[in-house]
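J.: pasting the structure only:
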């Protein structure tokens, strides 16, 4: 009997303990459950107070808790969406500090992308296939994002090869802002001949029935040629923009700072983004800089824009900091443009540059508009700083300002930028043009172009990006791989060991560093309570994979403001579907965007069609 009583007592105590534990757990549950929790993850928070975690909770578009699985499970309620990360790496959403995202969206559905294609043979086959799908009044166009050194053949196409691939369909293939190639049908469609006018310094080279376009000393010839090609309808531009933003989400990008762009006028060419931003669920936060379009009219443009535009007004219907006008640049005046055609000598800026730039800078400084300016070469940066220094100091200018690119910046000019409170935005342009740069300026110069370590050691705020879609690919992992390895997309080792960054440093530049550029470092760039709930789960662990695999990373889940905007693999189906590509003959409907090395054409087409 005593034994039976002992067993009964033990059972009673166990039951009581379970009840008390349950009551204790319930007592510690939050009053307002989260909208979303993620558990079983390897979380890189970039929050110094808690650098790592396994789980986090999201409510009303913000992170509200970060910690262990048990701590975050307290935020789970009956309507909470729970995601088991399966041990995957979670990172803050990536932020590209220099991406021509609005222009890229406008043209995305028109363009055949060679980004990630590993052979010229395959690229030409894609043109052949796309030509057969393209209506008579349209073109096949490959507009940047590739390097000849990524191909097994390690060379560019010829006009004759383009004619063989597309004998009856006008075709334009552009290599960065250096050269472009037309087939015979393209030359006919544009009505080109030996006497066709070109911008000063540029030229047509008529060969093999087609033509090579040499863009020297500026890309004006290329801008003009693209501008003559057929455009998408307003409705198709909306689909194109929506699809391009989804493509960026595919790689874990949740924010981009738009640098305007040549041949892309404000406000007319921004209508698709404005329409998309007016709808719920904008998948990418965008801060836009206004880019002067016509030489000689820059001052009038900025006088008008600073009068009629209000900065930092959220134009997105349901996304905090979703779409704002951020400031002026990257083109302030055309006379200051030292374009990065490394196939040609460094351009000499005209004597009128200082007076023209000073007039625009005075207007912007008086209105406290943030400024960014394209400057590739140290010689140009010196002259730009000669203009900025007296105006900024006299006006008490305290807005954020940025030098873009800065491949050959000197220690002297790094110190000048630091003293004046500026920043530098770097991109992986050398990953696509590094071999050409090294051939012209030498391997020693290429080893520190740009001098990343010196910029960081000097304490200059530094953001990272791509400068896509024309002078590099929009895939952020190619840029991150370049920061870490110093190798081009063709595998050439350029950066010296001291000019390469750790994986932690590279990720920080692509999140917190870029957020500084747009003045948002306090609200994004970390997985921490109070920050925007922007994050990505990766298909492989960035911190443990071999260096050679970094460039192949993609997101299996991307979340912007608590909304799933991209889902693949085990999370397939969680993101909204996009519907059919418009127009139906778009290259995106057949080939998708960035090419996976192991992806067949049929898989690419299926992926593009479903929008996954």
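T.: That came through, no problem. Just so it is clear, the model here is predicted, and its values are computed rather than measured.
J.: what's the next secondary structure element after the host helix or strand of residue 424?
T.: Secondary structure from DSSP states H and E places residue 424 in strand 423-427. Using DSSP H and E, the next helix or strand after strand 423-427 towards the C-terminus is helix 429-441.
J.: mind checking how far that following helix is from the chain centre?
T.: How far helix 429-441 lies from its chain's middle: 21 Å, per C-alpha atoms, centre = their mean, to the nearest Å.
J.: Now do the helix or strand that that helix is followed by, average pLDDT.
T.: For helix 429-441, the following helix or strand on the C-terminal side (DSSP H and E) is helix 443-446. Taken as a whole, helix 443-446 has an average pLDDT of 98.
J.: repeat for stretch 391-399
T.: 98.
J.: list the buried ones in that stretch?
T.: 391, 392, 397, 399 (16 or more other C-beta atoms under 10 Å). (Each C-beta comes from the backbone N, C-alpha and C, glycine too.)
J.: same deal with stretch 103-121?
T.: So for stretch 103-121, counting by 16+ other C-beta under 10 Å, buried means 103-117, 120.
J.: what about that stretch, start to end distance?
T.: From its first residue to its last, stretch 103-121 covers 29 Å (C-alpha to C-alpha, to the nearest Å).
J.: what's the answer for stretch 572-590, then?
T.: Stretch 572-590 has its terminal residues 20 Å apart, counting by C-alpha to C-alpha.
J.: before we move on, what about stretch 572-581?
T.: First-to-last residue span, stretch 572-581, C-alpha to C-alpha: 19 Å.
J.: Run through the helices of the stretch 251-400 of the chain in chain order.
T.: In the stretch 251-400 of the chain, the helices defined using DSSP state H, counting those that start in this stretch lie at 271-277, 298-308, 353-366, 378-395.
J.: residue contacts, residue 201?
T.: 216, 217, 218 (C-beta atoms under 8 Å, 6 or more residues apart in numbering).
J.: got the residue ranges for the strands in the stretch 101-250 of the chain?
T.: Per DSSP state E, counting those that start in this stretch, the stretch 101-250 of the chain carries strands over the ranges 140-143, 171-175, 179-182, 203-207, 210-214.
J.: okay, the ones you listed in JSON lines with mean neighbour count and mean pLDDT next?
T.: Listed next are the strands of the stretch 101-250 of the chain as JSON lines, based on neighbours: other C-beta atoms under 10 Å; pLDDT from 0 to 100:
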{"stretch": "strand 140-143", "mean neighbour count": "25", "mean pLDDT": "98"}
{"stretch": "strand 171-175", "mean neighbour count": "27", "mean pLDDT": "98"}
{"stretch": "strand 179-182", "mean neighbour count": "24", "mean pLDDT": "98"}
{"stretch": "strand 203-207", "mean neighbour count": "15", "mean pLDDT": "98"}
{"stretch": "strand 210-214", "mean neighbour count": "21", "mean pLDDT": "98"}
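J.: In a markdown table, list these along with distance to residue 576.
T.: What follows is those, written out as a markdown table (distance: least, C-beta to C-beta, whole Å):
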| stretch | distance to residue 576 |
| --- | --- |
| strand 140-143 | 28 |
| strand 171-175 | 33 |
| strand 179-182 | 36 |
| strand 203-207 | 46 |
| strand 210-214 | 40 |
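J.: looking at these, which is closest to residue 251?
T.: For those, proximity to residue 251 was assessed by C-beta to C-beta; strand 140-143 is nearest, at 19.4 Å.
J.: name the helices or strands packed onto the closest one?
T.: Applying 3 or more C-beta pairs under 8 Å, 6 or more residues apart in numbering; DSSP states H and E, one finds that strand 140-143 contacts helix 120-133, strand 171-175.
J.: looking at these, which is closest to residue 430?
T.: strand 171-175 (14.9 Å).
J.: Please identify the pairing partners of that closest one and their relative orientation?
T.: strand 140-143 (parallel), strand 179-182 (antiparallel) (DSSP bridges).
J.: Reformat the helices of the stretch 251-400 of the chain as a markdown table; add distance to residue 143.
T.: Shown next, in a markdown table, are the helices of the stretch 251-400 of the chain (distance: least, C-beta to C-beta, whole Å):
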| stretch | distance to residue 143 |
| --- | --- |
| helix 271-277 | 17 |
| helix 298-308 | 25 |
| helix 353-366 | 28 |
| helix 378-395 | 25 |
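J.: closest one to residue 262 among those?
T.: That would be helix 298-308 among these, by C-beta to C-beta, at 12.7 Å.
J.: And the spatially closest residue to residue 313 that is not a sequence neighbour, what's its pLDDT?
T.: Nearest residue to residue 313, sequence neighbours excluded (C-beta to C-beta, 6 or more residues apart in numbering): residue 324, at 6.4 Å. Residue 324 carries a pLDDT value of 98.
J.: got any ranges where the stretch 501-612 of the chain has weak pLDDT?
T.: Low-confidence segments of the stretch 501-612 of the chain (pLDDT under 70): 597-612.
J.: can you pull out the helices in it?
T.: Applying DSSP H, counting those that start in this stretch to the stretch 501-612 of the chain gives helices spanning 503-508, 514-517, 547-550, 587-591, 601-610.
J.: which residues touch the third one?
T.: Residues outside helix 547-550 that contact it (C-beta under 8 Å, 6+ apart) are 477, 480, 481, 484, 485, 503, 540, 542.
J.: Point out where the stretch 101-250 of the chain drops to low pLDDT.
T.: In the stretch 101-250 of the chain, no residues with pLDDT under 70.
J.: circling back: which of the helices of the stretch 251-400 of the chain sits closest to residue 584?
T.: Closest to residue 584 of the helices of the stretch 251-400 of the chain is helix 271-277 (C-beta to C-beta; 18.6 Å).
J.: tell me the mean pLDDT for the closest one?
T.: Rounded mean pLDDT across helix 271-277 is 98.
J.: circling back to that earlier point, what residues does the residue nearest to residue 313 make contact with?
T.: Neighbouring residues of residue 324 by C-beta under 8 Å, 6+ apart: 286, 287, 288, 311, 312, 313, 314, 315.
J.: Quick check: which of the helices of the stretch 251-400 of the chain is nearest to residue 209?
T.: In terms of C-beta to C-beta, the element of the helices of the stretch 251-400 of the chain nearest to residue 209 is helix 271-277, at 36.3 Å.
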